[in-house]
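Engineer: The following comprises the amino acid sequence and a computationally predicted model.
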Amino acid sequence: MKEQLWKNILLLKEKSPLIHNITNYVVMNNTANALLASGASPVMAHAQAEVENMCSIAQAVVINIGTLDEYWVESMLKTARVAQQNKIPWVLDPVGAGATTYRNKVLSELLALSPQVIRGNASEIIALATQNTSTKGVDSTAESNQAIAAAKQLVKMYACTVCISGATDIIINESTQIQLDNGDPIMEKVTGMGCTASALTAAFCGITSNYFIATTTAMALLGVAGSLAAKKSQGPGSFQVHLLDVLYTITEKEFINNLQLTTYE
Ligand SMILES: Nc1ncnc2c1ncn2[C@@H]1O[C@H](COP(=O)(O)OP(=O)(O)O)[C@@H](O)[C@H]1O
Ligand SMILES: Cc1ncsc1CCOP(=O)(O)O
Ligand SMILES: [Mg+2]
């Protein structure tokens, strides 16, 4: 499995897929740079007049509701419809699911347009499955293992891959569950780590149609790169810079030797 994931990392650098991002103001620069450093080609575009065209020329799409408003929501729905019609893989990042009834309403509309992958923290995944409104802003107030039942419910309802991210990352589809224990606690102090995970997930969906493996590759890359970058950092500021460098320079030996991965069939 580790060797398969590494091959995807090399393939991403070789293919450099165009990834259409509709994402939030907070993390646009972070996620564009993380995609570039990892080998993908990002475009951030949300104008209603162009999103359908932009989506149609992309290899994958990420829709991230972090700083949604009525205009952006219409752009997101237009994009998801075109992605679904053209069989372009799209990843949903349900930022702040459960924080407000507005977010929950928009997410219900987006889920109906069949994302191939949902990547959220534990609170967000629980909120998506239960429609509760108990999330504190965008940060998780639950642990990954508390969201497994919710994730399995979403897999069954939407026939997709679901990733619960956190100190432990858990990737679930209809037949398999993978647990990743990488990353570093400093990543909780840097905004955009989850958004970066979702953007990288879309990048790997752009080079393989096995979206479960694409998600696993993205989470493994971010987790290992995060743990390596944390070792070089003095705090969240220098971490962000080191993370980009590691995404760009990571070697097979560093990836394979540091990846903590467990598969449950
Ligand atoms: N406490 C932690 N220990 C190790 N890695 C972490 C921790 N918290 C977050 N991460 C890393 O950051 C990634 C995304 O962060 P997460 O907090 O789950 O998403 P979000 O920012 O959407 O809430 C995780 O996949 C993991 O690699
Ligand atoms: C703080 C914040 N507010 C709206 S979007 C956003 C960034 C969230 O990024 P992540 O979910 O990756 O922590
Ligand atoms: Mg998030």
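Structural biologist: Looks like it came in fine. Ligands and ions are numbered 1, 2, ... in the order given.

Engineer: And residue 39, how far from residue 208?
Structural biologist: With distances taken as Cβ to Cβ, to the nearest Å, residue 39 is found 14 Å from residue 208. For the C-beta atoms, the positions are set from N, CA and C on the backbone; glycine is no exception.

Engineer: For residue 162, pull up the helix or strand it's in.
Structural biologist: Taking DSSP states H and E as the definition, residue 162 sits inside strand 161-165.

Engineer: For the residue in the chain positioned nearest to ligand 3, which residues are in contact?
Structural biologist: Nearest to ligand 3 in the chain, going by Cβ to the ion, is residue 194, at a distance of 3.0 Å. Under the criterion of Cβ atoms under 8 Å, 6 or more residues apart in numbering, the neighbours of residue 194 are 93, 95, 119-121, 138, 165.

Engineer: Kindly recompute the last result at 6 Å.
Structural biologist: Residues near residue 194 by Cβ atoms under 6 Å, 6 or more residues apart in numbering: 121, 165.

Engineer: Then residue 143?
Structural biologist: Contacts of residue 143 were listed using Cβ under 6 Å, 6+ apart, and they are residue 122.

Engineer: Distance of it relative to residue 127?
Structural biologist: Remark: distance between residue 143 and residue 127 (Cβ to Cβ) = 15 Å.

Engineer: Same check on residue 29?
Structural biologist: 27 Å.

Engineer: quick one: which of these two has more around it?
Structural biologist: Using other Cβ atoms under 10 Å as the criterion, residue 29 and residue 127 rank with residue 127 on top: 26 against 11.

Engineer: before we move on, which element is the more buried one in?
Structural biologist: According to DSSP H and E, residue 127 maps onto helix 122-130.

Engineer: Check which residues of that helix are buried.
Structural biologist: Within helix 122-130, the residues that count as buried by 16 or more other Cβ atoms under 10 Å are 122-129.

Engineer: Closest one of the residues you listed to ligand 1?
Structural biologist: Ligand 1 has its nearest neighbour among the buried residues of helix 122-130 in residue 124, at 7.0 Å by Cβ to the nearest ligand atom.

Engineer: quick one, what contacts the closest one?
Structural biologist: 94, 97.

Engineer: what about 8 Å?
Structural biologist: Taking Cβ under 8 Å, 6+ apart, we find residue 124 in contact with 94-98, 135, 140.

Engineer: what about it, distance to ligand 2?
Structural biologist: With distances taken as Cβ to the nearest ligand atom, to the nearest Å, residue 124 is found 8 Å from ligand 2.

Engineer: what's the angle between the strand holding residue 162 and helix 122-130?
Structural biologist: 140 degrees (axes from the mean of the first three to the mean of the last three Cα atoms, to 10 degrees).

Engineer: does the closest residue to residue 106 other than its chain neighbours belong to a helix or a strand, and which?
Structural biologist: Once flanking residues are discounted, residue 106 sits nearest to residue 73: 5.3 Å by Cβ to Cβ, 6 or more residues apart in numbering. Here residue 73 sits within helix 70-85, counting by DSSP H and E.

Engineer: No further queries at this time; thank you.
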